[in-house]
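Colleague: kindly return the folded structure for what I paste below:
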Amino acid sequence: MVKGVDRRITASDFERNAVATDKLESRLETALLGLVGEVGSLVSALKKKRRDTDGFLGYHDAVVEELGDVLWYVSAVARRGGTTLEDILSRAIGEAAGDGTVTLGALAPRSSRGIDESAFEKSLLELAGESGDLAKRYVGGNYADNVDALRGDLIKFIRPLGHAASAAEVSLDEAGSRNIAKTQESWPTQPAFPPLFDEGLHADEQLPRLLRVEVYEREVNGKKYVFQKTGGILLGDRLTDNHLPEDDYRFHDVFHLAFAAVLGWSPTTRALLKIKRKSLAAIDENEDGARANLIEEGLSTWIFETAKRHQFFANTPRLGLDLLKAVKNFVQGYEAHRLPLWMWDRSILQGYAVFRELQVHRRGIVTADLIKREVRFERWPES
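Modeller: Numbers count the residues shown, from 1 in each chain. Sure, this is the predicted structure:
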């Protein structure tokens with residue numbers, strides 16, 4: 001059965017959001033690569049279901065999400081080629097374009113026969129073939145100053161997409177609606193921070209709104225450690241990398257400070273500062289307890305291994321959606337799961353910007369500013 005359909009999504013409304021959240025290069029080639037990649041992800045969802053059977057949870061949701069992503073890239077390709085998603089969709093279903101009333105769901109009317117896995121698989125293979133043809137014709141120069149050729153091939157591409165959705169009993173209106181929600185969570189047109197989780201509590205149970213921490217490396221008995229101090233008091237234990245080869249993970253508490261500053265969430269920082277929310281028993285036990293602390297430590301370590309392979313995000317203006325969604329899955333069941341992807345993106349990239357400064361200077365002052373929702377690095381004052 002089709003799940004979660006609240007409203008019809010017109011192609012023009014979907015495209016309006018796609019335009020607002022489109023951060024890709026302006027070249028047609030970039031959008032085409034994305035489209036081919038999303039078709040691959042859709043096929044991969046089917047492959048996982050067949051391979052893992054009942055072990056692959058969330059199959060319906062995966063199909064809905066991937067169909068929405070394919071539609072987003074069809075819009076991106078059409079726009080760069082001089083046409084629109086509404087035009088493509090209207091022609092595919094035999095209606096006139098231009099009045100803004102054509103819905104995404106019109107391409108895939110609901111079936112009364114139930115899910116047809118055989119038809120779904122066949123449609124996906126047709127879709128994969130059409131995406132390959134789009135790529136080959138682009139390379140062959142077919143679309144150079146030829147909007148009619150591109151439009152025609154996108155119509156051929158989108159028809160099996162509709163067949164696949166019908167066979168899977170997935171509403172393209174639902175797929176479009178979820179895509180709008182996801183892209184707005186990642187690249188909102190007007191980002192606004194939600195209230196801090198400890199807003200309204202006594203100051204003794206709030207993360208400090210302005211926390212300055214001295215972070216420095218010092219040698220003790222021939223071994224280098226990182227220390228942290230605020231207000232002249234040491235925070236936590238001295239740290240080493242606990243890893244060979246050394247990778248400077250000893251400075252990793254800056255990630256917890258970044259989480260605290262940008263997200264307003266860091267069980268680890270609360271534990272270091274001894275500011276758990278004791279007045280709220282359930283929050284104290286579950287959100288500020290040992291397990292939440294371990295979740296944050298595990299998350300920091302997991303992201304770090306990815307960051308190492310990407311120069312600690314030195315040349316990464318935005319994190320990939322796959323990584324950000326995995327981060328949110330990591331904190332499933334905790335208050336941090338309610339935070340939007342764009343905030344996770346900001347907190348991680350800011351934390352790594354400070355980390356890279358510490359790698360170079362080996363000491364500095366890190367400020368977690370919960371008022372401005374940012375973490376900053378300052379050079380250590382010269383004596």
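
Colleague: contact partners of stretch 12-21?
Modeller: Residues outside stretch 12-21 that contact it (Cβ atoms under 8 Å, 6 or more residues apart in numbering): 71-72, 75-76, 79, 84-86, 100, 102, 104, 176, 179-180, 183-184, 186-187, 189. Quick note: C-beta positions are derived from backbone N, CA and C, even for glycine.

Colleague: give the buried subset of these as a PyMOL selection command.
Modeller: A single PyMOL command is used to select the members of the contacts of stretch 12-21 judged buried by 16 or more other Cβ atoms under 10 Å:
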select buried, resi 71+72+75+76+79+84+85+86+102+104+176+179+180+183+184+186+187
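
Colleague: quick one: which of the contacts of stretch 12-21 sit in helices?
Modeller: In this view, the contacts of stretch 12-21 that belong to helices under DSSP state H are 71-72, 75-76, 79, 85-86, 176, 179-180, 183-184, 186.

Colleague: what is the nearest of those to S118?
Modeller: Using Cβ to Cβ, L71 comes nearest to S118 of these, at 23.7 Å.

Colleague: give me the contacts around stretch 220-235.
Modeller: Contacts of stretch 220-235 (Cβ under 8 Å, 6+ apart): 211-219, 236, 238-240, 250-251, 253, 272-273.

Colleague: meant to ask about stretch 333-340, not that
Modeller: The contact list for stretch 333-340 (Cβ under 8 Å, 6+ apart) reads 185-186, 188, 194, 197, 263, 265, 286-287, 292, 295, 328, 331.

Colleague: considering those residues, which possesses the most neighbours?
Modeller: W265 (27 neighbours; other Cβ atoms under 10 Å).

Colleague: burial count for the spatially closest residue to that residue that is not a sequence neighbour?
Modeller: Counting by Cβ to Cβ, 6 or more residues apart in numbering, A336 is the residue found nearest to W265 once chain neighbours are left out, at 4.5 Å. Close neighbours of A336, defined as other Cβ under 10 Å, add up to 25.

Colleague: what does A336 show for phi and psi?
Modeller: Reported as degrees, to the nearest 10, the phi and psi values for A336 are phi -60, psi -20.

Colleague: and L244, by the same measure?
Modeller: phi -120, psi 130.

Colleague: separation between it and F251?
Modeller: Here L244 is placed at a distance of 17 Å from F251 (Cβ to Cβ, to the nearest Å).

Colleague: who has more neighbours, those two?
Modeller: Between L244 and F251, counting by other Cβ under 10 Å, F251 is the more crowded of the two (24 against 6).

Colleague: tell me who's in contact with that one.
Modeller: The neighbours of F251, taking Cβ under 8 Å, 6+ apart as the test, are 215, 226, 239, 355, 358-359.

Colleague: all helices in the stretch 251-383 of the chain, in order from the N-terminus.
Modeller: 253-258, 267-273, 281-282, 290-308, 321-330, 341-361 (DSSP state H, counting those that start in this stretch).

Colleague: buried deepest among those, which one?
Modeller: Using mean count of other Cβ atoms under 10 Å, the stretch among the helices of the stretch 251-383 of the chain with the largest mean neighbour count is helix 253-258, at a mean of 26.

Colleague: what mean pLDDT does it have?
Modeller: For helix 253-258, the mean pLDDT works out to 98.

Colleague: which helices and strands sit right next to it?
Modeller: Under the contact criterion of 3 or more Cβ pairs under 8 Å, 6 or more residues apart in numbering; DSSP states H and E, helix 253-258 touches strand 210-220, helix 267-273, helix 290-308, helix 341-361, strand 363-369, strand 374-378.

Colleague: what packs against the third one?
Modeller: Packed against helix 290-308 by the contact rule (3+ Cβ pairs under 8 Å, 6+ apart) you find helix 253-258, helix 267-273, helix 321-330.

Colleague: could you pull out the helices for the stretch 101-250 of the chain?
Modeller: Residue ranges of the helices in the stretch 101-250 of the chain, as given by DSSP H, counting those that start in this stretch, are 117-139, 147-167, 172-186.

Colleague: the longest one: which residues count as buried?
Modeller: The reference is to helix 117-139. By 16+ other Cβ under 10 Å, the buried positions in helix 117-139 come out as 119-120, 123-124, 126-128, 130-131, 134, 137-138.

Colleague: closest to H310 among the contacts of F251?
Modeller: For the contacts of F251, the nearest to H310 is F355 (12.8 Å; Cβ to Cβ).

Colleague: ok, the residue lying closest to the closest one once chain neighbours are set aside - contacts?
Modeller: Residue nearest to F355 in three dimensions, not counting chain neighbours: V254, with 5.3 Å by Cβ to Cβ, 6+ apart. The contact partners of V254, by Cβ under 8 Å, 6+ apart, come to 215, 351, 354-355, 358, 366, 375.

Colleague: by contact count, what packs against the lowest-mean-pLDDT helix or strand in the chain?
Modeller: The weakest-scoring helix or strand in the chain, judged by mean pLDDT, DSSP states H and E, is helix 28-52 (a mean of 83). Packing contacts for helix 28-52, counted by 3+ Cβ pairs under 8 Å, 6+ apart, involve helix 59-80, helix 117-139.

Colleague: which stretches of the stretch 101-250 of the chain have low pLDDT?
Modeller: When residues are selected by pLDDT under 70, those of the stretch 101-250 of the chain lie in 110-115.
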